[in-house]
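Participant: My questions concern the predicted model and sequence given below.
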Amino acid sequence: MIEFLRQPAVLGLLMVVTFMTLIMTKKMSAVAALLIVPIGFGLLAGAGAGLGDMIIKGVLQVAPTTLMLSFAVLYFAVMMDAGLFDPLVRKVLSIVGDDPVRISLGTAILATVVSLDGDGTTTALIVITAFLPVYRRVGMNPLILATLLGLANALMNYVPWGGPAARAAAATHVDLAVVVGPMLAPAAVGLLAVLLLAWRFGIAERERLGEPAAREAALASPAPPISAIAETHGHADARRPKLFWFNLLLTLVLIVGMVSGLAPLPVLMMAAFAIALTVNYPSLKDQKARLSAHADSVVNIVILLFAAGAFTGILNGAGMADAMAKTALSMIPPQVGPYLAPITALVSMPLTFVMSNDAYYFGVVPVVAQAAAGFGIEPAAIARAALIGQPVHSLSPLLAPIYLACGLLGVDVADAQRFSLKWAAAICLVVLAAALATGSIPLRA
């Protein structure tokens, strides 16, 4: 029995299950579990002398992704603080008026743009603060706001600095640009589907509420001024409206550079951040204040990805990942194996709903990628497939942003999930179809 338990495949499975159980039951933080669990199982596997080298190797593999992501968070935080998106918020609010179709479309557009910073909490604060008074004024269902907000934010998490994309790349040891680049077109198709859904919501609400003339009595409270939105976000004194055009041009150049492969992503992001911080906040005191304001976000990301590198380093270095992959490979019918990429995409929807991103990407995806490699499927394809379920994941009860959004909207989480889940699943299927059509995810090996 002891010899059976010491087999690499069994130890690897127990290691993954232990890790997932600890973080899903909240017995340990993800960072602590990513470090303690693999070290413990590495010792049981008899790899004690080599654990240090395994951890270093795993950390070095995720270092470029960690470097890029940390400066990306800082860059978009500076852009948000400086007010790059404030004119867009003003414009959207001035355009939507009291027409439900324009309001729902404006919600989706604003949520998409604000989600560029990759933070669901920031997106919820800004979009809800801007639009909730408009929804109440017109009498629209606030669950529509919650749905469009969650879907747009989930799809924008496909960007290189989004948490899920970084996790998928780190878990499969694939360059982040290789994972994200081919998914941009399917993500764009998904965002178009969200806009179509917003239009459908708006038409339905327009029919339910009647013509504008019948709602005049309800149009008493104006939309909040942009200053109120800035104060809610907590950085009103950091706004730099006179630098709007410079910040917009810098951001566009950065995006073009990333898409065209002008330079490695970490280099582009580091340079853009240095320029943005220096130009917007020339004072050393102001620069320190901006860095301090966002230090927690950066530290959390860095230690999480470095810990994930240690986890996968031991999982691979001790031979557990290979052993699990071979065992899984022997259990998968030969006729099913070549279709593991689309199967992974479909399974990602229920799995990410009941699992945290950490448990899914660092516990499940590496094993699937190893098994898929046996059928000739590249790890990058599995990493992309694993991203498909993010719209459904945005409704997971394990996420803090959903509680924040529902609290701000004054709706029950269960009601939001019941209303949004079918639409989230539909958007996932649209993105999967687009990914298959573009070759981002192969139908079969």
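Facilitator: Sure thing, it's come through.

Participant: hey, let's count contacts and neighbours off CA atoms from now on
Facilitator: Will do.

Participant: for this structure, where's the lowest mean pLDDT among helices and strands?
Facilitator: helix 226-233 (a mean of 44; mean pLDDT, DSSP states H and E).

Participant: After that helix, which helix or strand is next?
Facilitator: Next in sequence after helix 226-233, counting helices and strands by DSSP states H and E, comes helix 244-260.

Participant: same for that following helix, what does it pack against?
Facilitator: helix 265-280 (3 or more CA pairs under 8 Å, 6 or more residues apart in numbering; DSSP states H and E).

Participant: any idea how far residue 206 is from residue 21?
Facilitator: Residue 206 sits 46 Å away from residue 21, taking CA to CA, to the nearest Å as the criterion.

Participant: Kindly report the same for residue 68.
Facilitator: From residue 68 to residue 21 the distance is 30 Å (CA to CA).

Participant: Compare these two and say which is more crowded by neighbours.
Facilitator: Here residue 68 and residue 21 are set side by side on neighbour count (other CA atoms under 10 Å), and the busier one is residue 68, at 21 against 16.

Participant: just checking, that one touches residue 273?
Facilitator: No - the pair residue 68 and residue 273 fails to qualify as a contact (CA atoms under 8 Å) at a distance of 10.6 Å.

Participant: burial count for residue 273?
Facilitator: Here the number of neighbours of residue 273 (other CA under 10 Å) works out to 24.

Participant: let me redo that: residue 17
Facilitator: With neighbours defined by other CA under 10 Å, the count for residue 17 comes to 14.

Participant: Return the residues in contact with residue 84.
Facilitator: By CA atoms under 8 Å, 6 or more residues apart in numbering, the residues touching residue 84 are 241, 244, 247-248.

Participant: quick one, phi psi at it?
Facilitator: phi -60, psi -40 (degrees, to the nearest 10).

Participant: Run through the residues that contact residue 201.
Facilitator: Remark: with contacts taken as CA under 8 Å, 6+ apart, residue 201 is in contact with 101, 104, 144.

Participant: can you redo the contacts of residue 84 as a markdown table with neighbour count?
Facilitator: Formatted as a markdown table, the entries for these read as follows, by neighbours: other CA atoms under 10 Å:
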| residue | neighbour count |
| --- | --- |
| 241 | 15 |
| 244 | 19 |
| 247 | 23 |
| 248 | 14 |
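
Participant: distance of residue 244 from residue 22?
Facilitator: Plainly put, residue 244 is 46 Å away from residue 22 if you go by CA to CA.

Participant: And for residue 41?
Facilitator: For residue 41, the distance to residue 22 equals 14 Å [CA to CA].

Participant: For the two, indicate the residue with more neighbours.
Facilitator: Comparing residue 41 with residue 22 by neighbour count (other CA under 10 Å), the higher total belongs to residue 41, at 24 against 19.

Participant: And the one helix or strand the more buried one maps to, what does it pack against?
Facilitator: Element membership of residue 41, judged by DSSP H and E, is helix 30-44. Contact partners of helix 30-44 among helices and strands, from 3+ CA pairs under 8 Å, 6+ apart: helix 8-24, helix 295-317.

Participant: Next secondary structure after the longest one?
Facilitator: By that I understand helix 295-317. Remark: after helix 295-317, the chain's next helix or strand is helix 320-331, criterion DSSP H and E.

Participant: Would you mark the buried spots in the helix or strand just after that following helix?
Facilitator: Scanning the chain past helix 320-331 towards its C-terminal end, the next helix or strand to appear is helix 340-354 (assignment: DSSP H and E). When neighbours are counted by 16 or more other CA atoms under 10 Å, the buried residues of helix 340-354 are found to be 340-346, 348-349, 351-354.

Participant: Redo the residues you listed as a markdown table? Include distance to residue 128 and pLDDT.
Facilitator: What follows is those, written out as a markdown table (distance: CA to CA, whole Å; pLDDT from 0 to 100):
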| residue | distance to residue 128 | pLDDT |
| --- | --- | --- |
| 340 | 39 | 90 |
| 341 | 36 | 92 |
| 342 | 35 | 94 |
| 343 | 35 | 91 |
| 344 | 33 | 91 |
| 345 | 30 | 93 |
| 346 | 31 | 91 |
| 348 | 28 | 89 |
| 349 | 26 | 89 |
| 351 | 28 | 80 |
| 352 | 25 | 81 |
| 353 | 23 | 80 |
| 354 | 26 | 65 |
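
Participant: Turn the residues you listed into CSV, including distance to residue 31.
Facilitator: Putting the buried residues of helix 340-354 into CSV (distance: CA to CA, whole Å) gives the following:
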residue, distance to residue 31
340, 29
341, 28
342, 30
343, 29
344, 25
345, 26
346, 28
348, 22
349, 24
351, 21
352, 19
353, 21
354, 19
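
Participant: Kindly indicate which of the residues you listed lies nearest residue 402.
Facilitator: Relative to residue 402, the closest of the buried residues of helix 340-354 is residue 353; by CA to CA it sits at 12.3 Å.

Participant: show me the contacts for the closest one.
Facilitator: 392-397.

Participant: List the residues that contact the most centrally placed residue in the chain.
Facilitator: When the chain is reduced to its mean C-alpha position, the closest residue under CA atoms, centre = their mean turns out to be residue 157, at 3.2 Å. When the contact criterion is CA under 8 Å, 6+ apart, the partners of residue 157 are 115, 118, 163-165, 390.
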